[in-house]
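Chemist: Let's see this in three dimensions:
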Amino acid sequence: MGNGVKQLREFGPFRVDPDQRLLLRDEQPVSLSPKAFDLLLVLLEHSGQIVLKDDVMKTLWPDTFVEESNLGQHIFQLRKALGDRSQDSSYIVTVPGRGYRFAQKVRTIVEDTIAEETIAEEESIVVESHTRSRLLIDGEGSPRPARRPRNRPLRSIAVWLGLVVIVFVGYWAWRRSHLEKPAGPGRVMLAVLPFQNLTGDPEQEYFADGLTEEMITQLGRLRHEQLGVIARTSVMGYKHGDKRLDQIGRELSVQYVLEGSFRRAGDRLRITAQLIQVKDQTHLWARDYDRRPQDILTVQDEVAVAVAEEIQLRLTPQQRTDLAHARTVDPDAYEAYLKGRYFWNKRTEDGFRRAIEYFNQAIAKDPNYAQAYAGLADAYVLLGGYSFIAQEDAMPKAKAAAQKAIAIDGQLADAYASLGMVSEQWDWNFTAAENDYKQAIKLDPNYSVAHHWYGDGYLAFVGRMDEAIAELRKAHELDPLSPIIATDLAKRLCDDHRYDEGVALFRRTLEVDPDFVEAHRYLAQAYARMGRYPDAIAEVQKIKSWERLDFAMGQVGQIYALQGRRQQAQEIAYKLRLRSAQEHTEPIYPAKIDALLGEKDLAFVWLEKAYKERSPAMLALNTDPDYDPLRSDPRFQRLIRLVSLP
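Modeler: Here you go, the predicted model:
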């Protein structure tokens with residue numbers, strides 16, 4: 001008769017079974033890669049202690065050299081598995097320059113395990129006792145009282161425990177097998193991995209990236225209640241990578257991936273596409289296309305139909321008609337459009353300017369090319385939104401381009417999203433802005449940008465913070481590796497005074513991309529509002545060449561003002577005013593410093609300038625606490641009326 005003992009670990013709602021290599025949350029399995037599970041065991045073993053990065057890496061990869069970023073990716077995966085809610089956000093604490101510490105209390109649970117032979121023996125004892133009871137009858141047929149077996153209650157308990165274990169194991173196996181099945185009629189998630197450029201020409205990368213983005217857009221327009229499609233930002237991180245599909249599936253939380261490649265042969269395009277089920281890496285469908293360049297849109301439609309059939313999407317009759325309709329495009333216009341998107345996605349001033357050139361080339365080739373007008377609108381919106389040029393030079397052009405795109409094709413979600421940004425930030429027409437954003441989401445519920453801009457913009461500015469956070473969470477689900485979406489979600493969580501959750505999300509974002517400027521910027525803002533002024537200044541100064549950036553200089557000046565370091569704050573405000581005489585400088589930065597210093601008259605001079613320039617920062621007048629010293633002043637109330645804030 002064999003007996004065993006195993007040790008389980010518990011923390012919060014989680015239970016870890018090292019023998020079975022299972023992580024459970026409220027008795028439900030949580031998916032973890034093998035290395036992430038090993039990492040969790042190391043952290044639990046040293047709970048409350050700092051585990052050095054070198055020690056962790058030697059434990060996880062004893063015979064292999066790997067980059068430190070590999071460990072960071074597994075930390076990111078583990079944190080994601082433990083959840084993003086505020087009560088779960090501080091399980092794993094990063095100790096800068098050293099390693100990690102598991103901050104939660106860990107309980108060790110010791111359980112007795114009853115071997116199968118023990119259960120069998122106890123069952124035989126019970127059967128034997130019943131047999132003896134039947135045989136204890138005298139020769140005349142009169143029953144005699146049987147002697148009760150000793151320790152029968154204990155044996156019965158053992159039997160019942162054994163049966164419970166058997167039932168639980170059976171249920172667990174059944175549930176686990178069912179959890180691994182596709183979602184069926186429910187919503188499934190798909191990722192379009194970056195198309196491979198097989199031409200041998202690096203200059204053709206724009207075409208591969210463009211095909212990827214176009215397929216994401218095409219699939220995203222299908223039945224959103226059944227299919228979610230991961231956004232471009234998250235999938236492009238896997239370009240030229242060597243990660244296994246099951247790992248990609250876990251990181252993006254998808255059940256399917258679409259892979260593809262292209263090559264050119266004379267005046268022909270050869271495109272290959274294949275749909276793969278992640279859980280067992282089964283190739284569900286694959287096809288090669290040999291077409292003329294002008295037929296590329298029809299190829300995209302055919303791929304979308306094939307994917308829909310394989311994952312059993314219930315397309316509407318209109319969708320089937322649209323996808324079956326042959327579409328052609330001017331090859332030169334299409335290539336110019338793809339180049340424009342390629343440079344637009346770089347999110348730099350030079351990238352936006354080059355994108356505008358290519359979008360205009362596409363329009364010159366085909367004046368009715370709606371997508372090119374939508375791209376032009378996107379480029380001008382962000383060129384002005386990032387303060388690379390004045391709003392008055394960007395927004396009217398963005399509005400004209402978006403309206404032209406919609407006039408040609410009223411089904412373009414990106415055109416409506418850009419028009420929403422213009423309505424919000426330039427026209428200050430908030431009713432129109434909300435309608436535009438909602439229309440974009442209606443046309444393509446998988447378009448993460450629309451959820452992002454609607455949540456971080458309109459909903460946040462009008463103070464509907466719960467709805468803003470909900471929209472940003474949708475954007476984050478569709479684009480889980482996007483640093484800007486994660487940052488803006490963290491920013492709005494902090495605006496809602498959910499600092500623990502917001503700061504934890506900032507830190508996770510910076511672990512993946514330590515140089516991401518916006519995360520440092522808004523984490524510094526959160527620290528300042530929490531009264532952690534030294535941490536706030538240190539965070540700003542982690543930004544490369546921060547002294548050259550207006551917003552970074554303004555942030556340091558604001559923190560100095562909050563600390564009471566009046567002279568240093570005034571010096572920074574003076575430098576910003578001088579800079580504004582030589583180049584475009586956002587007026588809001590010196591205005592905030594002056595407001596926090598109590599220099600109200602000077603603050604209103606710069607706020608009036610911001611109003612005349614229609615600065616996007618004016619939309620935060622109602623919600624930004626930096627303006628609190630000015631709220632009782634009639635001049636401030638007048639500005640709110642002029643901006644027409646609800």
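
Chemist: so where is the stretch 51-200 of the chain shaky, pLDDT-wise?
Modeler: Residue ranges of the stretch 51-200 of the chain with pLDDT under 70: 63-70, 73, 84-90, 95-97, 111-186.

Chemist: Could you measure from the residue lying closest to residue 230 once chain neighbours are set aside over to residue 509?
Modeler: In space, and not counting its chain neighbours, residue 230 is closest to residue 191: 4.3 Å by CB to CB, 6 or more residues apart in numbering. C-betas here are computed from N, CA, C, even on glycine. Separation of residue 191 from residue 509 (CB to CB, to the nearest Å) stands at 20 Å.

Chemist: again with residue 312
Modeler: 36 Å.

Chemist: same deal with residue 469?
Modeler: On the measure of CB to CB, residue 469 and residue 509 end up 16 Å apart.

Chemist: More neighbours: which of these two?
Modeler: residue 509 (26 against 22; other CB atoms under 10 Å).

Chemist: Residue 520 is in contact with the more buried one, correct?
Modeler: No. If you go by CB atoms under 8 Å, residue 509 and residue 520 don't touch, sitting 9.8 Å apart.

Chemist: For stretch 229-242, output the C-alpha coordinates as CSV.
Modeler: Extracted C-alpha coordinates of stretch 229-242, given in CSV (Å, rounded to 0.1, in the frame of the first residue of the first chain):
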residue,chain,number,x,y,z
VAL,A,229,-8.1,40.3,-35.6
ILE,A,230,-4.9,41.4,-33.9
ALA,A,231,-3.7,44.8,-35.1
ARG,A,232,-0.6,45.5,-37.2
THR,A,233,1.5,47.0,-34.4
SER,A,234,1.5,43.7,-32.4
VAL,A,235,2.1,41.3,-35.3
MET,A,236,4.9,43.3,-36.9
GLY,A,237,7.1,42.5,-33.8
TYR,A,238,7.3,38.9,-35.2
LYS,A,239,8.8,39.9,-38.5
HIS,A,240,12.0,38.0,-39.3
GLY,A,241,11.5,36.3,-35.9
ASP,A,242,11.9,32.6,-35.1
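
Chemist: Tell me which residues of that stretch come out buried.
Modeler: For stretch 229-242, a neighbour-count test (16 or more other CB atoms under 10 Å) marks 229, 230, 231, 232, 233, 234, 235, 237, 238 as buried.

Chemist: any chance of the residues you listed in a markdown table, plus pLDDT and distance to residue 422?
Modeler: Compiled in a markdown table, the buried residues of stretch 229-242 are given as follows (pLDDT from 0 to 100; distance: CB to CB, whole Å):
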| residue | pLDDT | distance to residue 422 |
| --- | --- | --- |
| 229 | 86 | 26 |
| 230 | 86 | 27 |
| 231 | 82 | 22 |
| 232 | 80 | 22 |
| 233 | 79 | 22 |
| 234 | 82 | 27 |
| 235 | 84 | 28 |
| 237 | 78 | 30 |
| 238 | 82 | 33 |
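
Chemist: So for the helix or strand that contains residue 601, what gets flagged as buried?
Modeler: In this structure, residue 601 sits in helix 600-612 according to DSSP states H and E. Buried residues in helix 600-612, counted by 16+ other CB under 10 Å: 600, 602, 603, 604, 606, 607, 608, 609, 610, 611.

Chemist: Could I get the average pLDDT for the helix or strand just after that helix?
Modeler: Using DSSP H and E, the helix or strand that follows helix 600-612 in sequence is helix 634-643. Taken as a whole, helix 634-643 has an average pLDDT of 93.

Chemist: now for helix 634-643, which elements pack on it?
Modeler: For helix 634-643, the contact count by 3 or more CB pairs under 8 Å, 6 or more residues apart in numbering; DSSP states H and E identifies helix 600-612 as packing neighbours.

Chemist: now the angle from the helix it packs on to helix 634-643?
Modeler: 10 degrees (axes from the mean of the first three to the mean of the last three CA atoms, to 10 degrees).

Chemist: Mind listing residues that contact helix 600-612?
Modeler: 586-588, 590-592, 594-595, 617-618, 629-630, 633, 635-636, 639, 642-643 (CB atoms under 8 Å, 6 or more residues apart in numbering).

Chemist: I'd like the distance between residue 470 and residue 479.
Modeler: Applying CB to CB, the value for residue 470 to residue 479 is 15 Å.

Chemist: Between those two, which is the more surrounded one?
Modeler: residue 479 (24 against 13).

Chemist: Look up phi and psi at the more buried one.
Modeler: phi -140, psi 70 (degrees, to the nearest 10).

Chemist: what residue ranges in the stretch 201-350 of the chain score low on pLDDT?
Modeler: Checking the stretch 201-350 of the chain against pLDDT under 70 turns up 313-316, 318-319, 322-328.

Chemist: Name the nearest residue to residue 332, ignoring sequence neighbours.
Modeler: Per CB to CB, 6+ apart, closest to residue 332 is residue 365, 5.0 Å.
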